[in-house]
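>>> Fold the following and give me the result.
(one chain, ligands or ions: 1)
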Amino acid sequence: MNLPEEFLSKMKEILKEEFDQFIKVYDFDSYKGFRVNTAKVSVEEFIKKMGIEFEKVPWCKDGFYYTEEIRLSKHPYYFAGLVYIQEPSAMFPVEALDIKEGEKVLDLCAAPGGKSIQIAARLGQNGLLVSNDVKPSRIKALVKNVENLGLTNIVILNNKPKEIAESYGAYFDKILVDAPCSGEGMFRKDPTAAKKWTSNHPEKYVNLQRSIMTEVDELLKVDGEIVYSTCTFEVEENEGIIDWFLKKHKNYEVVEIKKYEGFSDGIEINGNENLKKAARIYPHRVKGEGHFICKLKKVRESGAEWTFQPQRFEVDREDLKIFEKFCNKYLNIDLSYFKDRVFYKKASKLYLGFEGPFDKITPLRNGLLLGEVYKGRFYPSAHLIASLKCENLKVAINFSQDDERLWRYLKGETIENKENLNGFVGICVDGFTLGWGKAEGHIIKNYFPKGWRLE
Ligand SMILES: C[S@@+](CC[C@H](N)C(=O)[O-])C[C@H]1O[C@@H](n2cnc3c(N)ncnc32)[C@H](O)[C@@H]1O
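Okay, the predicted model is just below:
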């Protein structure tokens, strides 16, 4: 693999005698990893159902390595949202953030959502994750992932960090800044990133990283924590940003990160020894690509703290009745199942979401999209069924993996059924929900979303 000369000489300076080992990894393929979506299935149940002894990623409790032969992205459990394919080192920033159930967390640079998914599953039903990204094209992938994995505790924003700070104020217990960066740590996995790299690349990113980090203090509660991470080796984009931030914010301390075997210390610059508490991940020392992770704690107040007045939502009783009728007919749950959130309607769509400072910023998605109310009827969403269990459905067709109708359903085809049915039917695999079908006698029309299908 051809790597830019200037990049190599910088790496020689950083790694010194380890450089020869480092450069050898580029002759080998990168490691493949996945995480179990614990919002839908426990790790134990998933492993048992797969019947495979996967090697564990040491630094992530629900992360595993897999090999090409498993064809995970074609497996029915992938379509059922039980797994998320993620580069193994990229699983560490959220581990370092040490999420507790019920916290309020902001993922400021979130798309396509690998780390948001990890955070949301850890937060549980009482937590709230606000996931933001500035790029609309990347947000689409984030929304798809959140829906497909059945996550309901996420507000998705497409705003500038400054706008979020002006709206939410110091509302969050934890913030993840997985910053846009020059991407040097991903050259092996993504050789086109190496081709695009130029020596002024890091400098361009430093300005962007600084502008993002400028807003985080206003968003974080006292005693709250930030994890700043990148997938680059550049000192200016890593320790350089932290050093710059600490000089501006005397009320923050660097928190020592638990280092797993093979992790390296951060690099001391400008005489700041605390930067060694950060972690560097190099591909020649662990089974994963390059990353930098640093954790900061806000130990004192920085100024006037304030939080927003939530915008109240109103929902028409008639719309709720229509939804309730659908629940009674098709689901084994009633409205009390949805008790901890607020119902609201936007255009014809009915949501179950969170109140927030939404007079100033408008979420692209707020919680769970239940479905559409149209001409007195309710049409359930793919997000709704992805968030439910097979046993929540009154009428479900539960396929085993060797049923050829499962594969046809995943491809978007109409399927047949022995029983004579009418109306919405939940399609499941091995007891896990996949999507809706609509029965007309022995024929089941396919409602599995187009962008989710097996190609
Ligand atoms: C490293 S990627 C994030 C990957 C993501 N955390 C994940 O795990 O899937 C960095 C993201 O930052 C976004 N970004 C760039 N400038 C930004 C800004 N000013 N504010 C917020 N996000 C920004 C990019 O669109 C990109 O999606």
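>>> And residue 56, how close does it get to residue 361?
Look at residue 56 and residue 361: by Cβ to Cβ, to the nearest Å, they are 40 Å apart. Every residue, glycine included, has its C-beta placed from N, CA and C.
>>> So between the two, which is more surrounded?
Neighbour totals were compared for residue 56 and residue 361, and residue 361 leads with 20 against 13 (other Cβ atoms under 10 Å).
>>> my read: the more buried one touches residue 161, true?
No - using Cβ atoms under 8 Å, residue 361 is not in contact with residue 161, being 11.4 Å away.
>>> Could you see whether the ligand lies near the helix or strand containing residue 229?
Element membership of residue 229, judged by DSSP states H and E, is strand 220-230. No - Strand 220-230 does not reach the ligand (Cβ under 6 Å from any ligand atom); its nearest approach is 7.3 Å.
>>> Now the helix or strand following that strand - C-alpha only, CSV.
Downstream of strand 220-230, the next assigned helix or strand under DSSP H and E is helix 239-248. Below are the C-alpha coordinates for helix 239-248, written out as CSV (Å, rounded to 0.1, in the frame of the first residue of the first chain):
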residue,chain,number,x,y,z
GLU,A,239,-3.2,16.4,22.2
GLY,A,240,-3.0,19.8,20.5
ILE,A,241,-6.8,20.3,20.6
ILE,A,242,-6.9,19.2,24.3
ASP,A,243,-4.0,21.4,25.3
TRP,A,244,-5.7,24.4,23.5
PHE,A,245,-9.0,23.6,25.2
LEU,A,246,-7.5,23.3,28.7
LYS,A,247,-5.8,26.7,28.3
LYS,A,248,-9.1,28.3,27.6
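>>> Quick one: distance of helix 239-248 to the chain centre.
Here helix 239-248 shows a centroid-to-chain-centroid distance of 26 Å under the convention Cα atoms, centre = their mean, to the nearest Å.
>>> same for it, what does it pack against?
Based on contacts counted as 3 or more Cβ pairs under 8 Å, 6 or more residues apart in numbering; DSSP states H and E, the elements that helix 239-248 packs against are helix 201-219, strand 220-230, strand 252-255, strand 291-298.
>>> Sheet-wise, list the partners of the shortest one with their directions.
Strands flanking strand 252-255 in the sheet, each with its direction: strand 291-298 (antiparallel) (DSSP bridges).
>>> buried ones in the following helix or strand past the partner strand?
Sequence-wise, the next helix or strand downstream of strand 291-298 (DSSP H and E) is helix 317-330. Neighbour counts over helix 317-330 (16 or more other Cβ atoms under 10 Å) mark 319, 322-323, 326-327, 330 as buried.
>>> Mind checking the pLDDT average for helix 317-330?
Across helix 317-330, the average pLDDT comes to 94.
>>> separation between residue 454 and the ligand?
From residue 454 across to the ligand, the span is 23 Å (Cβ to the nearest ligand atom, to the nearest Å).
>>> excluding its backbone neighbours, what's nearest that residue?
In this structure, residue 454 finds its nearest non-sequential neighbour in residue 410, 4.0 Å apart by Cβ to Cβ, 6 or more residues apart in numbering.
>>> ok, how many other residues are close to residue 253?
Residue 253: 15 neighbours (other Cβ under 10 Å).
>>> was I right about it contacting residue 296?
Yes - contact criterion Cβ under 8 Å: residue 253 and residue 296 qualify, at 7.0 Å.
>>> quick revisit: contacting residues around the residue nearest to residue 454?
Residue 410 makes contacts with 76, 79, 434, 448, 453-454, as judged by Cβ atoms under 8 Å, 6 or more residues apart in numbering.
>>> Do you have the helices of the stretch 351-455 of the chain handy? List them.
Applying DSSP state H, counting those that start in this stretch to the stretch 351-455 of the chain gives helices spanning 382-387, 404-410.
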